[in-house]
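1. This is the structure alone, sequence omitted:
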């Protein structure tokens with residue numbers, strides 16, 4: 001009789017979904033350990049995103065433009081592997097003094113509706129008036145409480161002398177800050193930043209592009225907030241590769257960066 005009870009108990013365990021869940025979980029953990037063997041423990045591959053992601057950072061996000069096409073933001077928000085998921089998105093709004101990104105309004109509306117924290121950026125053209133570009137940008141984007149700060153993307157000289165580029169960039173930044181009462185952020189590639197921007201706009205937060213590295217190679221006193229560390233991430237809900245970013249700080253610092261209150265402009 002006792003052996004029948006023992007067999008019945010064993011069958012209950014073997015047939016239980018909890019048992020197989022435990023086995024599968026153990027197998028998955030072992031496979032992850034094998035797959036990560038020999039990798040930098042602070043720069044691990046995340047198969048869902050199809051990229052390596054620095055593990056030091058806890059807040060992650062993307063930046064998009066018309067290049068990514070129509071995005072299903074609900075799927076973007078729902079995607080998660082271990083502790084990594086998309087919390088924020090920077091969305092291209094304008095370029096120069098005439099071009100509005102054709103997907104901006106849809107992305108701006110749908111990303112926020114899905115619970116993604118949004119910021120908007122302007123692609124800067126140094127040969128155009130910085131003030132005119134700023135006016136065009138603010139005519140297109142209506143920033144609200146809780147958004148990320150306005151961003152100006154500057155990564156080309158377009159035949160303009162560096163000093164003239166900086167002059168127009170300063171006009172753009174000054175106009176946006178004056179109208180919104182929010183300190184804008186500057187986006188640039190690491191090389192362009194070191195060659196033309198470092199030492200000139202140090203009071204403004206930076207968003208720096210530096211791809212496929214375990215660490216952002218800047219001096220410890222660099223005032224950077226975001227690091228665009230990959231341009232090849234795969235995100236559910238987006239049919240094209242996308243840039244992936246990390247925030248330099250914890251959740252408290254991230255909340256502090258968001259716009260607390262904005263007056264009409």
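-> Good, I have the coordinates. Predicted, not measured: the structure shown is a model, and the values here were computed from it.
2. can you give me the helices in the chain?
-> 2-15, 17-35, 73-78, 104-113, 130-140, 162-180, 190-192, 251-257 (DSSP state H).
3. Could you identify which of these has the lowest mean pLDDT?
-> Mean pLDDT is lowest for helix 17-35 among the helices of the chain, at a mean of 46.
4. Grab the nearest non-local neighbour of residue 240.
-> residue 68 (5.0 Å; Cβ to Cβ, 6 or more residues apart in numbering). The way it works is simple: take the backbone N, C-alpha and C, and place the C-beta from them, glycine included.
5. Run the chain-centre distance for stretch 180-198.
-> Centroid displacement of stretch 180-198 relative to its chain, using Cα atoms, centre = their mean, to the nearest Å, is 16 Å.
6. I meant to write stretch 51-60 there.
-> Using Cα atoms, centre = their mean, the offset of stretch 51-60 from its chain centre is 11 Å.
7. hmm, back to that, tell me how many other residues crowd the residue nearest to residue 240.
-> Residue 68 has 21 neighbours, counted by other Cβ atoms under 10 Å.
8. Touching, it and residue 233? I think so.
-> No - distance between residue 68 and residue 233: 10.8 Å, which falls outside the contact criterion (Cβ atoms under 8 Å).
9. neighbours around residue 173, how many?
-> 23.
10. Same question for the one 10 residues further on.
-> Applying the criterion other Cβ under 10 Å, we find 14 residues in the vicinity of residue 183.
11. which residues does it contact?
-> 149, 177, 203-205 (Cβ atoms under 8 Å, 6 or more residues apart in numbering).
12. Compare the residues you listed and tell me which has the most neighbours.
-> Ranking those using other Cβ under 10 Å puts residue 149 first, with 22 neighbours.
13. tell me the domain boundaries of this structure?
-> Domains of the chain are assigned by automatic domain parsing as 2-31, 42-257.
14. Need the winner for burial among those domains.
-> domain 42-257 (a mean of 18; mean count of other Cβ atoms under 10 Å).
15. what's the span of that domain from first residue to last?
-> Using Cα to Cα, to the nearest Å, one end of domain 42-257 lies 25 Å from the other.
16. Next: stretch 151-171.
-> End-to-end distance (Cα to Cα), stretch 151-171: 14 Å.
17. what residues does it touch?
-> By Cβ under 8 Å, 6+ apart, the list of residues contacting stretch 151-171 reads 90, 92, 119-131, 133-134, 137, 172-173, 176, 184-189, 192, 195-197, 200-201, 207, 209.
18. rewinding a little: between the domains of the chain, which one is closest to residue 265.
-> Of all the domains of the chain, domain 42-257 sits nearest to residue 265, with 4.4 Å by Cβ to Cβ.
19. so how far is that closest one from its chain's centroid?
-> How far domain 42-257 lies from its chain's middle: 7 Å, per Cα atoms, centre = their mean.
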